[in-house]
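*Asks:* just a sequence and a predicted model for now, questions to come.
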Amino acid sequence: MKSTDTNSKHSRLDSFIENPRKAIWTLGLPVMMGMAVQTLYSIVDMFFVAKISVNAIAALGFNLPLFWMAMGISFGLGTGVTAVIARFIGAKDHKSATNVAEHGLILGLVIGAFFSAVGLIYGEQILLILGTPEELLPDTLAYFHIIAGGFVFMITGIFLRSIFSGEGDTKTPVKIQITSTVVNIILDPILIFGFDMGIKGAALATVISMLVAVVMYSRVILIKKATLLQLNMKAFKLNLHYFKDIFRIGIPSSLSMIIMSMGGALFNWILVHYSANVVAGYQVAGRLDQIFFLPIMAIAGSLVTLVGMFYGAQRFDLITNVIKDGLRYGVFIGLGTGALFYVIAPYVFRIFTDDPYVNEVAVSIIRTFAPVYWLIAIGMISGRALQGLGTGIPSLVITGIRVALVSGPLAYYFAVILDKPYVWVWYGSVIAVFVAAGTSLTWLAIRIRRVQREVEAQTSA
């Protein structure tokens, strides 16, 4: 059994080395399928929540920054787990890769329990600090208390999925994610309307689906032991150096996602300056944006694994080729999706709401951002490629510049100081997209040259 697993590891790595361009889609397509199902759930969830009231949509909007903050920290550190595992597999050090995976699982459980505890104890204070209006607080808090209790399942599931990504298996997480999402979609109308739970039902359906995912991941990894990396928690040996590696890559990425979450909270606070309907339109537009992000995030995620493996194998030629291919695909997808969404935007949002003002806001967002989708793709893919190269600092700096120095201050200036129409808030974010794309691409070019010198020095030695 062990020799078969080792051969599988070798054959997977060898196949990626043999055809890195194909490997982008070998890893990325299953991820995109899973995300497509998740996006379908998000759309269906918004559809059902919208049937409750416009205020329910806005209440969901004030929850999302906290939800994404927890997810962001988890995905950031999970990316660190993926990158370190991938590098060890690239170097064919499977014992160390397995030990890193065990450290990742423990990290997920500890962080998940911490977030659940903080959310349940301080939920109301946090929501008030984020500027939740009094009329929205009951619905917002009702949703958040249930979601916070499920943070432990959500975060542990993210770390378990990172283990699969690190070893190059993106198919198994997709199967689990599809099952979890289908459970969520089925439970939404039953709990929201059948049991008359309202927005609490939407939250409970999400938490149950998270629990289902964790149970399925645990069964595959710990009970069936069907993964390539055979975890044995009874024989676990603590190695602080592995935590250091995970944190070195993951913490900057997590901090960047915290900044993005706080940016989302700031935008909600600024937009409620106009009305709750503008916040609702902002949330509805995000559901169409998610469809654009599907292939981009799939490509970006596959680069973390591939670049990490090729870095471990000291194949600089493959690193540069796969990054160029990923960026090229991202630009093409951004241009095509942007053109399509610009045309269909006035029609698609009628699915979610019959409020003409909410629809108008959502259309204005998409038509402002669609022409720069290709730049957003460049920024995202460059940042994840840098993580695969073992550095997470760039994503933190770039996100800080984009959110804290450009889009946030400009949005506040246009909306609150100058009292401009809400569309000026989008203009500030577009300016930030240009800055972020240029900075990330430049940083990636500098890092690639540095890695090339490192590889050449090791080879000559």
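*Replies:* Here it is on my side, so go on. Residues are numbered from 1 along each chain as shown.
*Asks:* residue 21 contacts residue 324, doesn't it?
*Replies:* No. Taking CB atoms under 8 Å as the definition, residue 21 is not a contact partner of residue 324, at 9.7 Å. Backbone N, C-alpha and C define where each C-beta goes, glycine included.
*Asks:* so for the helix or strand hosting residue 31, mean pLDDT?
*Replies:* Secondary structure assignment for residue 31, by DSSP states H and E: helix 20-52. Taken as a whole, helix 20-52 has a mean pLDDT of 79.
*Asks:* so how far is the helix or strand just after it from its chain's centroid?
*Replies:* Toward the C-terminal end, the helix or strand that comes next after helix 20-52 (DSSP H and E) is helix 54-90. In terms of CA atoms, centre = their mean, to the nearest Å, the centre of helix 54-90 is set 5 Å apart from its chain centre.
*Asks:* ok, which stretches of the stretch 201-350 of the chain are helices?
*Replies:* Along the stretch 201-350 of the chain, counting by DSSP state H, counting those that start in this stretch, helices occupy 240-271, 276-312, 316-348.
*Asks:* also the stretch 351-461 of the chain?
*Replies:* Remark: helices assigned in the stretch 351-461 of the chain by DSSP H, counting those that start in this stretch are 356-369, 373-388, 393-399, 408-412, 423-460.
*Asks:* name the helices or strands packed onto the last one?
*Replies:* Counting contacts by 3 or more CB pairs under 8 Å, 6 or more residues apart in numbering; DSSP states H and E, the secondary-structure elements packed against helix 423-460 are helix 240-271, helix 316-348, helix 356-369, helix 373-388, helix 393-399, helix 408-412.
*Asks:* ditto for the third one
*Replies:* Using 3+ CB pairs under 8 Å, 6+ apart as the contact criterion, the elements in contact with helix 393-399 are helix 240-271, helix 373-388, helix 423-460.
*Asks:* can you pull the buried residues of the first one?
*Replies:* Of the residues in helix 240-271, those buried under the neighbour-count criterion (16 or more other CB atoms under 10 Å) are 242-243, 245-271.
*Asks:* how far off helix 423-460 does it point, in degrees?
*Replies:* Counting by axes from the mean of the first three to the mean of the last three CA atoms, to 10 degrees, helix 240-271 points 160 degrees away from the direction of helix 423-460.
*Asks:* what residues does stretch 199-214 touch?
*Replies:* Stretch 199-214 has contacts (CB atoms under 8 Å, 6 or more residues apart in numbering) with 45, 48-49, 52, 56, 59-60, 139, 142-147, 149-150, 153-154, 156-157, 160, 176-177, 179-181, 183-184, 187-188, 190-193, 195, 197.
*Asks:* could you pull up the mean pLDDT of that stretch?
*Replies:* 93.
*Asks:* compute the distance between residue 166 and residue 356, please.
*Replies:* Look at residue 166 and residue 356: by CB to CB, to the nearest Å, they are 48 Å apart.
*Asks:* apologies, that question was intended for residue 405.
*Replies:* Counting by CB to CB, the separation of residue 405 from residue 356 is 35 Å.
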